[in-house]
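Asker: Next one to model:
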Amino acid sequence: MDILSAIVQGIIQGLTEFLPVSSSGHLAITQHIFGMTEDNLFFSVMLHIGTLAAVVGVYIKLIISLLKEFGLMMKDIFTGKFKWSKMNPQRNMVMMVIIGLLPLFLLFLPIPGTDMKLKDLGDLFAKSGYFIVVGLSLMTTSLLLFVGDIKNKKTAEEYKKKGIVRKGGAGRRKYNIADAVVVGITQCFAALFPGISRSGSTLAASELRGINKQTALDYSFILGTPAIVAAAILESKDALFPDDGQAVTIDYLPVILGMIVAAVVGFFAIKLFKWLLKTDRMYIFILYTAIIGLIVTIISIAELTTGSNLFHPDMALQF
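Answerer: Numbers count the residues shown, from 1 in each chain. Here you go, the predicted model:
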């Protein structure tokens with residue numbers, strides 16, 4: 001891998017991981033257009049670590065406060081002083097993140113009649129023969145963002161009629177168990193389909209539950225942090241110790257540059273997303289994912305008709 005390619009991929013990863021446009025969907029599109037059939041798994045892991053650094057950079061104060069509260073909560077649990085009804089906002093967030101992460105275990109359920117687990121569907125649907133799934137998923141992201149935005153505006157109107165004015169916008173600022181479960185299941189759903197944005201779908205799920213949009217976005221990013229860590233650990237094992245036993249050769253300079261670029265771009269992407277959400281400019285992502293999704297769907301239908309990649313006619317579709 002050359003340095004320029006690493007930088008470009010770092011930029012794409014940093015932008016699409018946090019903006020509600022789906023990083024997995026854009027990766028599938030990039031691979032499809034350029035005829036890429038093999039992934040550099042180690043490089044992918046490093047890019048994810050770069051984006052993890054971006055989240056930590058933006059939310060360092062909140063993350064530290066939540067870790068401290070987690071420690072105090074564990075102390076209270078073991079000393080018998082824990083009381084659900086008396087949780088402060090930080091402890092509530094810790095509990096809701098834990099509950100929101102539990103549905104991720106569903107991804108490890110086996111698919112009857114196959115040797116696959118649910119989590120493997122994401123890799124399967126990313127293949128060129130399922131390119132239409134990427135298009136339909138991107139349009140699904142657009143729909144989710146649209147209904148979430150509409151619900152948020154209705155929540156604001158309801159608050160206004162009641163004479164409730166809150167700094168930072170309307171909506172609840174505390175999650176309950178049902179909220180966390182719904183968002184957690186939504187995160188699992190997003191993992192199955194390349195093209196469904198994790199950040200966008202979980203944001204929309206929270207908005208549909210009546211949560212304040214900025215609180216929803218913060219929860220979405222915090223909820224995604226342990227998922228990124230877990231994915232990096234699991235993928236690192238496969239990347240460094242492949243099943244075929246072959247030694248892995250790593251060119252560290254492009255990897256390090258790509259990781260740094262992904263971290264820097266990701267940091268500003270989060271800031272941009274928060275600002276666009278605050279200023280009611282979500283229509284940008286709603287329109288973008290709808291248009292890209294429609295284009296991909298049309299291309300896929302043409303390819304399924306011919307049986308070959310439109311950009312590389314000599315390449316048969318992979319299923």
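Asker: Please enumerate the strands of the stretch 51-200 of the chain.
Answerer: Using DSSP state E, counting those that start in this stretch, no strands are found in the stretch 51-200 of the chain.
Asker: low-confidence ranges in it?
Answerer: Flagging of the stretch 51-200 of the chain using pLDDT under 70 yields the residue ranges 167-168.
Asker: go with 90
Answerer: 85-86, 113-114, 119-120, 122-124, 126-128, 156, 158-170 (pLDDT under 90).
Asker: Show me the helices in it, by range?
Answerer: 89-101, 121-125, 131-161, 177-192, 198-208 (DSSP state H, counting those that start in this stretch).
Asker: In JSON lines, list these along with distance to Ser44.
Answerer: Where you see a C-beta, it was placed from the backbone N, CA and C, and this is true even at glycine. Converted to JSON lines, the helices of the stretch 51-200 of the chain look like this (distance: least, CB to CB, whole Å):
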{"stretch": "helix 89-101", "distance to Ser44": "22"}
{"stretch": "helix 121-125", "distance to Ser44": "12"}
{"stretch": "helix 131-161", "distance to Ser44": "17"}
{"stretch": "helix 177-192", "distance to Ser44": "15"}
{"stretch": "helix 198-208", "distance to Ser44": "16"}
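Asker: Select, out of the ones you listed, the one closest to Ile298.
Answerer: helix 131-161 (7.7 Å; CB to CB).
Asker: quick check: angle from that closest one to helix 177-192?
Answerer: With axes from the mean of the first three to the mean of the last three CA atoms, to 10 degrees applied, the angle from helix 131-161 to helix 177-192 works out at 150 degrees.
Asker: Please state the offset of helix 131-161 from the chain centre?
Answerer: 16 Å (CA atoms, centre = their mean, to the nearest Å).
Asker: what packs against that helix?
Answerer: helix 23-34, helix 121-125, helix 198-208, helix 283-306 (3 or more CB pairs under 8 Å, 6 or more residues apart in numbering; DSSP states H and E).
Asker: Could you rerun that using 7 Å?
Answerer: helix 23-34, helix 198-208, helix 283-306 (3 or more CB pairs under 7 Å, 6 or more residues apart in numbering; DSSP states H and E).
Asker: how about that helix: buried residues?
Answerer: For helix 131-161, the neighbour count (16 or more other CB atoms under 10 Å) marks 131-142, 144-146, 148-149, 151-152, 155-156, 159 as buried.
Asker: Ok, stretch 272-283 next?
Answerer: Quick answer for stretch 272-283 (16+ other CB under 10 Å): 273-274, 276-277, 282.
Asker: and what of stretch 12-32?
Answerer: Buried residues in stretch 12-32 (16+ other CB under 10 Å): 12-29, 31-32.
Asker: Also stretch 118-132?
Answerer: Buried, per 16+ other CB under 10 Å, within stretch 118-132: 119-122, 124-132.
Asker: Between the two ends of it, how far is it?
Answerer: 19 Å (CA to CA, to the nearest Å).
Asker: Of the buried residues of stretch 272-283, which belong to helices?
Answerer: Among the buried residues of stretch 272-283, the members falling in helices (DSSP state H) are 273-274, 276-277.
Asker: Which residue would you name as the spatial centre of the chain?
Answerer: Arg198 (3.1 Å; CA atoms, centre = their mean).
Asker: pretty sure that residue contacts Ala190?
Answerer: Yes - with contact defined as CB atoms under 7 Å, Arg198 reaches Ala190; the gap is 4.4 Å.
Asker: could you check the distance from Ile185 over to Gly25?
Answerer: Distance, Ile185 to Gly25, by CB to CB, to the nearest Å: 20 Å.
Asker: typo on my end, Gly135
Answerer: Going from Gly135 to Gly25 by CB to CB gives 9 Å.
Asker: do Pro194 as well
Answerer: Taken as CB to CB, the span from Pro194 to Gly25 is 5 Å.
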